[in-house]
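Novice: Quick one, what's the 3D model for this:
(one chain, ligands or ions: 1)
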Amino acid sequence: KEIVVSGIRPTGYLHLGNYFGAIRNYIRMQEDFNCYFFVADWHSLTTHPDPKDLPGNVMRVLAENIASGLDPEKVSLYVQSDIPEIAELYLLMNMLAYVGELEKVPTFKDKVRLQPQNVNAGLLTYPVLMSVDILIQRAVKVPVGKDQGQHLEMARNFAQRFNHRYGDLFPEPEAFNYGDSLVRIPSLDGNGKMSKSENELATLYLADEDDKIINKIKKAKTDSGSGEPGSPIPDSVQNLLDLMKLVCTPDVVSFYEEAWKNTGTIRFGDLKKQLGEDMVKFISPIREKAKDLQRDTDYLKKIMKAGAEKARANAAQTLQQAKKLIGINYY
Ligand code: AQP
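Specialist: Reported below is the predicted structural model:
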């Protein structure tokens, strides 16, 4: 079976972007691939989270993944810091990563702009650590959202560079989505993507209570449109239609698409009511299951441990081969 790796940072509550960009693929892939899914706790340290919050955040991400349908019996579900081999290969791979190329990464440039008071070296070398997360398991497919596409290109570069210098070890991983292109779920205010750490009111979380879901959708940005039949659909309306495609039945979606085509506008009150109802139906079972799971920390710890055991064994083999190829082979 082909190997698959993907991770989610424990930086807050999981949202629809995480679900449709990543987790939905995990659930399908668990049937056909050898899957390694992890909570990227080291990656979350770039923003210096409160140490008191970290354990709870890690447990919640695990619970929300399982509540969404991930079966820990079928996949290896682990926490990054339980695999020290990743840190060692990260050190080795940093020798092949150039500061110039890392400084050019758009997400790094964004962070420099957004958190100029904390441009730490971990932020700069984030793509190296992410590449190692993938390469150490020798993964060929990586289910991620669109925002991560470019980082995958870097993982391929590092794999090539290592293979070229020291000998073939790493397959070149590809970003993966069951649809034809990678997914990006925009935020409800039309500014950027849904994310854990930005604009809470414009992001739908898997932990949101029903009334919150309905209210956020009610307040989502719309554009009353031109009222001209056949006029182009504005981005804000397209965003709502795209969200409908994820949770509503196809006939409901085509009803509103037709309405726009024929009249150049839509009854947004009706659309939002329908979307709100269907979104509640989608999110509420996941939310309730995740709540139950989070109460059972013993179970979650057992899952983490078992997942780490399998992931560590595989990672240790790769690390050993990498060291040998590099020449760290003295005994
Ligand atoms: N809006 C999104 N649409 C599609 N996919 C998304 N992903 C994240 N947002 C969207 C995918 O989810 C996986 C986990 O990524 P992450 O842990 O980096 O999630 P995040 O929500 O982007 O986290 P933060 O902390 O909220 O990020 P920042 O600080 O950038 O705002 C990935 O596969 C990602 O593609």
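Novice: roughly how far out does the longest helix seen in the chain sit from the chain middle?
Specialist: Of all segments of type helix in the chain, defined using DSSP state H, the longest is helix 297-326. Distance of helix 297-326 from its chain centroid, counting by C-alpha atoms, centre = their mean, to the nearest Å, is 21 Å.
Novice: Give the helix, strand or coil label for residue 330.
Specialist: What DSSP: H, G, I helix; E, B strand; the rest coil gives for residue 330 is coil.
Novice: and what of residue 78?
Specialist: Assigned by three-state DSSP, the conformation of residue 78 is strand.
Novice: Leaving out chain neighbours, which residue sits closest to it?
Specialist: residue 307 (3.6 Å; C-beta to C-beta, 6 or more residues apart in numbering). (Glycine included, C-beta is placed from N, CA and C.)
Novice: Quick one: name the residues of the stretch 1-150 of the chain near the ligand.
Specialist: Within the stretch 1-150 of the chain, the positions near the ligand by C-beta under 6 Å from any ligand atom are 8, 9, 11, 17, 18, 21, 22, 144, 145, 147, 148.
Novice: buried subset of the residues you listed?
Specialist: Buried members of these, counted by 16 or more other C-beta atoms under 10 Å: 8, 9, 11, 17, 18, 21, 22, 144, 145, 147, 148.
Novice: Looks like the fourth one contacts residue 188 (just checking).
Specialist: Put plainly, it is residue 17. No. Judged on C-beta atoms under 8 Å, residue 17 makes no contact with residue 188 at a distance of 11.2 Å.
Novice: Identify the contacts common to the two.
Specialist: Common contacts of residue 17 and residue 188 (C-beta atoms under 8 Å, 6 or more residues apart in numbering): 194, 203.
Novice: tell me the SS of residue 65?
Specialist: What three-state DSSP gives for residue 65 is helix.
Novice: hmm, I was thinking of residue 86
Specialist: Criterion first, three-state DSSP; result for residue 86: helix.
Novice: For residue 83, give its distance to residue 31.
Specialist: Separation of residue 83 from residue 31 (C-beta to C-beta, to the nearest Å): 24 Å.
Novice: Mind checking which of the two has more residues around it?
Specialist: More neighbours surround residue 83 than the other of residue 83 and residue 31, with 27 against 9 (other C-beta atoms under 10 Å).
Novice: does the more buried one really touch residue 314, like I thought?
Specialist: No. Using C-beta under 8 Å, residue 83 makes no contact with residue 314, being 9.3 Å away.
Novice: Would you pull up the residue in the stretch 51-200 of the chain closest to the ligand?
Specialist: Using C-beta to the nearest ligand atom, residue 145 is the residue of the stretch 51-200 of the chain that sits closest to the ligand, at 2.1 Å.
Novice: Now that residue: closest residue in space that isn't a chain neighbour?
Specialist: Once flanking residues are discounted, residue 145 sits nearest to residue 21: 2.6 Å by C-beta to C-beta, 6+ apart.
Novice: how much space is there between that neighbour and residue 138?
Specialist: Distance, residue 21 to residue 138, using C-beta to C-beta: 23 Å.
Novice: got it, and residue 256?
Specialist: Between residue 256 and residue 138 the distance is 45 Å, computed by C-beta to C-beta.
Novice: cool, and residue 3?
Specialist: As judged by C-beta to C-beta, residue 3 and residue 138 stand 6 Å apart.
Novice: do residue 180 as well
Specialist: Taking C-beta to C-beta, one finds residue 180 at 26 Å from residue 138.
Novice: and the angle for the host helix or strand of residue 155 with helix 297-326?
Specialist: Here residue 155 sits within helix 149-166, counting by DSSP states H and E. Put simply, helix 149-166 runs at 40 degrees to helix 297-326, going by axes from the mean of the first three to the mean of the last three C-alpha atoms, to 10 degrees.
Novice: If I follow the layout properly, residue 272 ends up in contact with residue 217?
Specialist: Yes. At 5.2 Å, residue 272 counts as touching residue 217 under the criterion of C-beta under 8 Å.
Novice: rewinding a little: helices or strands next to the longest helix of the chain in the packing?
Specialist: In terms of contacts (3 or more C-beta pairs under 8 Å, 6 or more residues apart in numbering; DSSP states H and E), helix 297-326 is packed against strand 34-39, helix 54-68, strand 76-79, helix 84-94, helix 149-166, helix 268-295.
Novice: Just list the residues touching the nearest residue to residue 42 once chain neighbours are set aside, thanks.
Specialist: Nearest non-adjacent residue to residue 42, counting by C-beta to C-beta, 6+ apart: residue 80, 5.1 Å away. By C-beta under 8 Å, 6+ apart, the contact list for residue 80 reads 7, 38, 39, 40, 41, 42, 43, 86, 133.
Novice: Show me which positions of stretch 19-28 end up buried.
Specialist: Residues of stretch 19-28 classed as buried by neighbour count (16+ other C-beta under 10 Å): 19, 20, 21, 22, 23, 24, 25, 26, 27.
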